[in-house]
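Q: Predicted model and sequence follow; I will ask about them next.
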Amino acid sequence: NAGVTQTPKFRVLKTGQSMTLLCAQDMNHEYMYWYRQDPGMGLRLIHYSVGEGTTAKGEVPDGYNVSRLKKQNFLLGLESAAPSQTSVYFCASNNGRLAGDTDTQYFGPGTRLTVL
Amino acid sequence: GNSVTQMEGPVTLSEEAFLTINCTYTATGYPSLFWYVQYPGEGLQLLLKATKADDKGSNKGFEATYRKETTSFHLEKGSVQVSDSAVYFCALRTGGYQKVTFGIGTKLQVIP
């Protein structure tokens, strides 16, 4: 199993440009998440999905959109990038169980985005 | 709201030294508590967890005990190695994983 993969690994954008980050998981997980990681702030939840075709807002959703058209993929879109969106973005997934040994959230390796 | 407090570091230790990274929390209800480790250039990995008071989580020589009376979940390891150099995140969960609160992360540097 590849686990959780993210593309691209790095990207530089100019203010106002758009882009889509792709997250894919091969563990048949129902739940998927997008986080951003900023210095001194830990991880903050942007959006999440509890199943194919569903999405919901997290703590910091403004400026981002998401889609979950297929169970294994969760896309994060920036329609008009701003310098404040410079960050490292992590995708994660889990199977929905909240007890026992399978109660684990798996993270991708991250995408480093710089907006100039 | 919920919060997790940990020092940012960096914490610099010599190999074989004893490690403690403090974590305290504020939460409503009875959260589950986690420690994650992030190696350079990688995503977070679950290191250990505890789901109720007085539980001890342990893995790879690391351990942490869920202390409800002091609202703490301090991470300890008796003898650190250079390979333990990473960023360590304390986190709590109340409900599903969409309700996880992360600390800011503590960078650990272990020198030979």
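A: Arrived safely. Residues are numbered from 1 along each chain as shown, chains lettered A, B, ... in the order given.
Q: wait, what's in contact with the residue sitting nearest the centre point of chain A?
A: The residue lying closest to the centre of chain A (CA atoms, centre = their mean) is A:W34, at 2.5 Å. Residues near A:W34 by CB atoms under 8 Å, 6 or more residues apart in numbering or on different chains: A:21, A:23, A:45-48, A:58, A:64, A:66, A:74, A:76, A:89-91. From N, CA and C alone the C-beta is placed, and that goes for glycine too.
Q: Contacts only, for whatever residue of chain A ends up closest to chain B.
A: Closest approach of chain A to chain B (CB to the nearest CB) occurs at A:F107, with a separation of 3.4 Å. By CB under 8 Å, 6+ apart, A:F107 lies in contact with A:V4, A:F90, A:C91, A:A92, B:G43, B:L44, B:Q45.
Q: Please name the spatially closest residue to the fifth one (chain neighbours excluded).
A: Yep, that's B:G43 we're talking about. What sits nearest to B:G43 in space, not counting adjacent residues and going by CB to CB, 6 or more residues apart in numbering or on different chains, is A:F107, at 3.4 Å.
Q: Which strand residues bridge the one you found?
A: With DSSP bridges applied, the residues forming beta bridges to A:F107 are A:A92.
Q: So for it, what's the pLDDT?
A: In this model, A:F107 is scored at 94, pLDDT.
Q: quick one: is the lowest-mean-pLDDT helix or strand in chain B near chain A?
A: None of the helices or strands of chain B scores lower by mean pLDDT, DSSP states H and E than strand B:100-102, at a mean of 91. Yes: applying CB under 8 Å from any CB of the partner chain, one finds strand B:100-102 touching chain A at B:V100, B:F102.
Q: Which SSE is immediately downstream of that strand?
A: strand B:106-111 (DSSP states H and E).
Q: avg pLDDT for that following strand?
A: Mean per-residue pLDDT for strand B:106-111: 96.
Q: helices or strands next to that strand in the packing?
A: Using 3 or more CB pairs under 8 Å, 6 or more residues apart in numbering or on different chains; DSSP states H and E, the elements in contact with strand B:106-111 are strand B:11-14, strand B:19-21, strand B:86-93.
Q: Just want the angle from it to strand B:86-93.
A: 150 degrees (axes from the mean of the first three to the mean of the last three CA atoms, to 10 degrees).
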